[in-house]
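# need a structure here:
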Amino acid sequence: MPRILALTWSKLRLPLLLALALGLSAGCGLLPEQIDETKNWSASKLYFAGKEALSDGDYEKSIKLFETLEARYPYGAFAQQAKLEVAYAYYKDNEPASAVAAAERFIKLHPNHPHVDYAYYLRGLANFVEDRSLLSRLGDQDMSDRDPKSAREAFDAFQQLATRFPESKYTPDAVARMAYLVNALAYSEVHVANYYFKRGAYVAAVNRGKYVLEHYRQSPAVEEALAVMAKSYEQLGLNDLRDDTLRVLKLNFPSSPFLGGELKSREKSWWKFW
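Purely as a prediction, here's the structure:
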């Protein structure tokens, strides 16, 4: 008799274990940590909870709360402000692409909002942060393949802010960053010109130098751009163009070290933005 009972139990044990496992699996969805505690929260409660998380540096939580607010209460002042707050939260969370997208969405949906100037500023900042190490990376990357897209877009956002909202409290900082970006972009072009020159692509080097003269004529990078052009013309056997370029270099930069002969790229520290 005991043997029969043992056999019976062994046959029943597997189905029972499977049933128990399935029951536990189904029950997992009811665990307390899976319950959305914000389910019945009002728009104001979601907003201020998001602001609190933002102040505490819990950017991931604040983003989730603001996006929940937008989804549940898409209309009203809290939803509008949440769109702007989430852009800032993404910026602080080192997610510049998401910050830019959120800022652009706010500008598109609320072009007349009293704080839309901040959206422009934030869009510029996010692009600026994404590309602020432009010059620090010059030596580590083949610049002929690099398009400093973020720097250009940051400049565009800051320029729009300065043009549309000259009295905005964010405009002075935007203008200062625009000056930085002009120089960064100009030196990026010079770096590419040097890259081409060292590899014997003299026509390409000349064209990069000309681009600096045409688009960034107020930048100190013009000095080195002229020097690269002069050396490239020399290598191409275009001595008249070389001499003309050297005359322009000497006229504008009489103490330039590039007038001494060999072209060298100087160390630059100006780009370290406060």
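# Name the spans of the stretch 1-150 of the chain whose pLDDT lies under the cut-off.
Within the stretch 1-150 of the chain, the segments meeting pLDDT under 70 span 1-34, 130-147.
# got the buried residues for stretch 72-87?
73, 78-87 (16 or more other CB atoms under 10 Å). C-beta: built from backbone N, CA, C; applies to glycine.
# Redo the residues you listed as JSON lines? Include secondary structure.
JSON lines is the format used below for the buried residues of stretch 72-87 (DSSP: H, G, I helix; E, B strand; the rest coil):
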{"residue": "Y73", "secondary structure": "coil"}
{"residue": "F78", "secondary structure": "helix"}
{"residue": "A79", "secondary structure": "helix"}
{"residue": "Q80", "secondary structure": "helix"}
{"residue": "Q81", "secondary structure": "helix"}
{"residue": "A82", "secondary structure": "helix"}
{"residue": "K83", "secondary structure": "helix"}
{"residue": "L84", "secondary structure": "helix"}
{"residue": "E85", "secondary structure": "helix"}
{"residue": "V86", "secondary structure": "helix"}
{"residue": "A87", "secondary structure": "helix"}
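# Which of these sits closest to K210?
Checking the buried residues of stretch 72-87 against K210 with CB to CB, the nearest one is A87 at 38.3 Å.
# what sits against the closest one?
99, 102-103, 106, 119, 122-123, 126 (CB atoms under 8 Å, 6 or more residues apart in numbering).
# Quick check: the farthest pair among the buried residues of stretch 72-87?
When CB to CB is used, the two most widely separated members of the buried residues of stretch 72-87 are Y73 and A87, lying 17.9 Å apart.
# picking up where we left off before, identify the farthest-apart pair in the contacts of A87.
Among the contacts of A87, F106 and A126 lie farthest apart (CB to CB), at 12.3 Å.
# of the two, who's got more company?
A126 (29 against 26; other CB atoms under 10 Å).
# Tell me which residues touch the more buried one, please.
By CB under 8 Å, 6+ apart, the residues touching A126 are 87, 90-91, 96-97, 99-100, 103.
# in what helix or strand does K45 lie?
Here K45 sits within helix 43-55, counting by DSSP states H and E.
# Run through the neighbouring helices and strands of that helix.
Applying 3 or more CB pairs under 8 Å, 6 or more residues apart in numbering; DSSP states H and E, we find helix 43-55 packed against helix 59-72, helix 77-92.
# Return the set of buried residues in the helix or strand where E223 lies.
Using DSSP H and E, E223 sits within helix 221-236. By 16+ other CB under 10 Å, the buried positions in helix 221-236 come out as 221-234.
# Same list (those residues) but as JSON lines, adding distance to L185.
Below are the buried residues of helix 221-236 laid out as JSON lines (distance: CB to CB, whole Å):
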{"residue": "A221", "distance to L185": "9"}
{"residue": "V222", "distance to L185": "13"}
{"residue": "E223", "distance to L185": "16"}
{"residue": "E224", "distance to L185": "14"}
{"residue": "A225", "distance to L185": "12"}
{"residue": "L226", "distance to L185": "17"}
{"residue": "A227", "distance to L185": "18"}
{"residue": "V228", "distance to L185": "16"}
{"residue": "M229", "distance to L185": "18"}
{"residue": "A230", "distance to L185": "22"}
{"residue": "K231", "distance to L185": "22"}
{"residue": "S232", "distance to L185": "20"}
{"residue": "Y233", "distance to L185": "24"}
{"residue": "E234", "distance to L185": "26"}
